[in-house]
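Engineer: Requesting a structural model of the entry that follows:
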Amino acid sequence: MLLLGGTAAAGVTTLSAKRSGPEACAPQLARAHRQIAVGFRLVRISARRGRCPNSIAVIGGTAGDVWGFDWEGGLWESRDDLRTWRLAWRGPKDTYVERAVRTRSGHVLIEVGYSGNKTGPHRIMRSTDRSARRFTTTLTLPLGSILHFASSWGQFSAVGGRPNSIYVGEYGDHPNPVHLWVSTNDGRSFKTVFSLPGENTGSPDRVRHFHGVFLDPFTRRLWVAIGDTTPEPRIGYSKDGGKTFTWITKGVYPQSRAVGLMFAKDAVYWGTDVPELPGGLYRWSRTTGAITKVLSTVREPYFDARQSRGWYAQFSEISTKQNDGYIGDEHVHVLVGNSAGWRRVTTPWTRTNKLGKIAPAGATSPNAAGCFWMSLPGQPGSDGFTNLKLCLGPTGRT
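Structural biologist: Below you'll find the predicted structure:
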């Protein structure tokens, strides 16, 4: 019997690959040549499961090493641009793999949670080898805490930190304290590098949770985005590997509330994560430290962002009025820009259920051609998840 137990110590619980059904399958995949905006285009789409037993959603990875999950606990890998999926591992009943990333050593980290009516703490698990067929628990998150998006963790050689450290930001309803964890041994174990008081403490320095952890490619500083409402939200950077932070904006709503950050040579950009009132696209100048609004009357919350070859894109959620006071429409939007300017663009992607939120479930890192895979749930005509291959920059090789 397989048990999903363990603590922060490595090796407490080892789970072997458990398979049922085919170990490899071919989803329905089609070419798509559609320019969503100048510098941003759709080139592939996979909306039907084809010969796969379940709908598989992209949850992370890189070009040639794309990771996906299904609601039956399966961890899938594609090394041929989603022409086929290979089943690497299947977790115990009522679990699912929400995030996956391959480390510098070639091992794979996954976040495992519970589905259906079963509850329990999420785990970060590390594969025992590069095949990702056996895993050990290396961090048990506090009950109720999870990772938010693919940008909730990353392996960085940040200024003031150990090379190739893995950072994990805690997301959840009411964690206390709110942790930024770090691993300096390739994910074998984790420790707290930074924390803040939780939302329910009443502290003037309280926060709700981490939205994202990032590496600035120009300065090598570690950046974080934290939510949610005043006085909680803030954006800032660390020059000592995450031990302390300088906040460029703090407690200014909606300016300080962001999920994704985009880094240019002269500035840092972000779209606000605000559903209930107009937000904006903001720019922080590296030279002056001034924050200016680039786009106004943005009417939806913006989450994951990607950048490549001098182009930037950040994607919105379709939220719900009953839960979030959402004032946006029925389409995913994208903020697209480069040094010449920015646009808010309406995409063709909508939702089948107006009572359900729709946001990118996962995205890979862009390849050398500026292309990446992204998944969206609940799209009309899909079997559950739609995987989209998108490209930033001029038309060319994909």
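
Engineer: So which residues of the stretch 1-150 of the chain form helices?
Structural biologist: For the stretch 1-150 of the chain, no helices are identified by DSSP state H, counting those that start in this stretch.

Engineer: Any stretches of it with poor pLDDT?
Structural biologist: Residue ranges of the stretch 1-150 of the chain with pLDDT under 70: 1-22.

Engineer: Which parts of it are strands?
Structural biologist: Secondary structure of the stretch 1-150 of the chain (DSSP state E, counting those that start in this stretch): strands located at 14-16, 24-25, 28-37, 40-48, 57-62, 65-69, 74-78, 85-90, 95-102, 108-114, 123-127, 134-140, 145-146.

Engineer: Select, out of these, the one closest to R309.
Structural biologist: strand 40-48 (11.5 Å; C-beta to C-beta). For glycine as for every other residue, the C-beta is placed from the backbone atoms N, C-alpha and C.

Engineer: I'd like the strands of the stretch 1-150 of the chain written out as JSON lines, with mean neighbour count and distance to G289 added.
Structural biologist: Shown next, in JSON lines, are the strands of the stretch 1-150 of the chain (neighbours: other C-beta atoms under 10 Å; distance: least, C-beta to C-beta, whole Å):
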{"stretch": "strand 14-16", "mean neighbour count": "16", "distance to G289": "48"}
{"stretch": "strand 24-25", "mean neighbour count": "16", "distance to G289": "52"}
{"stretch": "strand 28-37", "mean neighbour count": "13", "distance to G289": "30"}
{"stretch": "strand 40-48", "mean neighbour count": "21", "distance to G289": "30"}
{"stretch": "strand 57-62", "mean neighbour count": "25", "distance to G289": "33"}
{"stretch": "strand 65-69", "mean neighbour count": "26", "distance to G289": "38"}
{"stretch": "strand 74-78", "mean neighbour count": "25", "distance to G289": "43"}
{"stretch": "strand 85-90", "mean neighbour count": "24", "distance to G289": "46"}
{"stretch": "strand 95-102", "mean neighbour count": "23", "distance to G289": "32"}
{"stretch": "strand 108-114", "mean neighbour count": "23", "distance to G289": "35"}
{"stretch": "strand 123-127", "mean neighbour count": "27", "distance to G289": "35"}
{"stretch": "strand 134-140", "mean neighbour count": "23", "distance to G289": "35"}
{"stretch": "strand 145-146", "mean neighbour count": "19", "distance to G289": "33"}
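
Engineer: Can I get stretch 383-398 in PDB, CA atoms only?
Structural biologist: Written as PDB, here are the backbone C-alpha positions of stretch 383-398 (Å, rounded to 0.1, in the frame of the first residue of the first chain):
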ATOM      1  CA  ASP A 383     -11.900  17.500 -23.400                       C
ATOM      2  CA  GLY A 384     -11.000  19.300 -20.200                       C
ATOM      3  CA  PHE A 385      -7.700  21.100 -20.800                       C
ATOM      4  CA  THR A 386      -6.500  23.000 -23.900                       C
ATOM      5  CA  ASN A 387      -2.700  23.200 -24.400                       C
ATOM      6  CA  LEU A 388      -1.500  26.200 -26.500                       C
ATOM      7  CA  LYS A 389       1.900  26.700 -28.000                       C
ATOM      8  CA  LEU A 390       2.500  30.500 -28.100                       C
ATOM      9  CA  CYS A 391       5.400  32.500 -29.500                       C
ATOM     10  CA  LEU A 392       6.800  35.900 -28.600                       C
ATOM     11  CA  GLY A 393       8.700  38.000 -31.100                       C
ATOM     12  CA  PRO A 394       9.000  38.200 -34.900                       C
ATOM     13  CA  THR A 395       7.600  35.400 -37.000                       C
ATOM     14  CA  GLY A 396      10.200  32.700 -37.400                       C
ATOM     15  CA  ARG A 397      11.300  29.200 -36.300                       C
ATOM     16  CA  THR A 398       9.000  27.700 -33.600                       C
END
